[in-house]
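> below are the sequence and a predicted model; questions follow.
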Amino acid sequence: MINYKTAKIIKSQKEKEHSLASKIMQSYPKGNLGLTPDSVKGTAQWRTDYSTFKNTQSNLKNFNRLFIREFKKEYLAERKQKYGNIL
């Protein structure tokens with residue numbers, strides 16, 4: 001079992017990995033409607049980058065689910081301290 005501080009560090013790392021994968025996917029050219037052309041989607045590099053993006057997205061989603069389940073009280077207390085009763 002990990003503690004809250006360690007979990008926050010892991011969460012931050014997973015968010016950075018997902019952000020990097022997202023930036024890579026955003027670097028690909030887009031067509032008039034904002035969609036990636038099929039000619040680009042057919043390349044091995046795009047498929048690899050897309051797979052990495054989807055994996056980091058899934059990993060972050062799963063970690064966030066476990067993070068909130070295990071550390072809900074600590075997370076809410078931290079948000080309350082940071083934002084007060086605004087939320």
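Structure's in. What do you need?
> for residue 8, what are its contacts?
By Cβ atoms under 8 Å, 6 or more residues apart in numbering, the contact list for residue 8 is empty. The way it works is simple: take the backbone N, C-alpha and C, and place the C-beta from them, glycine included.
> from residue 26, how far out is it?
Per Cβ to Cβ, to the nearest Å, residue 8 is found 26 Å from residue 26.
> repeat for residue 53
Separation of residue 53 from residue 26 (Cβ to Cβ) stands at 10 Å.
> repeat that for residue 13.
Distance from residue 13 to residue 26, by Cβ to Cβ: 20 Å.
> and residue 33, how many neighbours?
Residue 33 has 5 neighbouring residues, counting by other Cβ atoms under 10 Å.
> state the helix or strand in which residue 6 lies.
helix 4-26 (DSSP states H and E).
> can you give me the buried ones in that helix?
Within helix 4-26, the residues that qualify as buried are 7-8, 11, 14, 17-18, 21, 24, counting by 16 or more other Cβ atoms under 10 Å.
> tabulate those (TSV), appending distance to residue 76 and pLDDT.
Shown next, in TSV, are the buried residues of helix 4-26 (distance: Cβ to Cβ, whole Å; pLDDT from 0 to 100):
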residue	distance to residue 76	pLDDT
7	14	96
8	14	96
11	15	97
14	20	98
17	26	98
18	23	98
21	29	98
24	34	98
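> farthest pair within those residues?
In these, two members sit farther apart than any others by Cβ to Cβ. They are 7 and 24, at 26.2 Å.
> lovely, talk soon.
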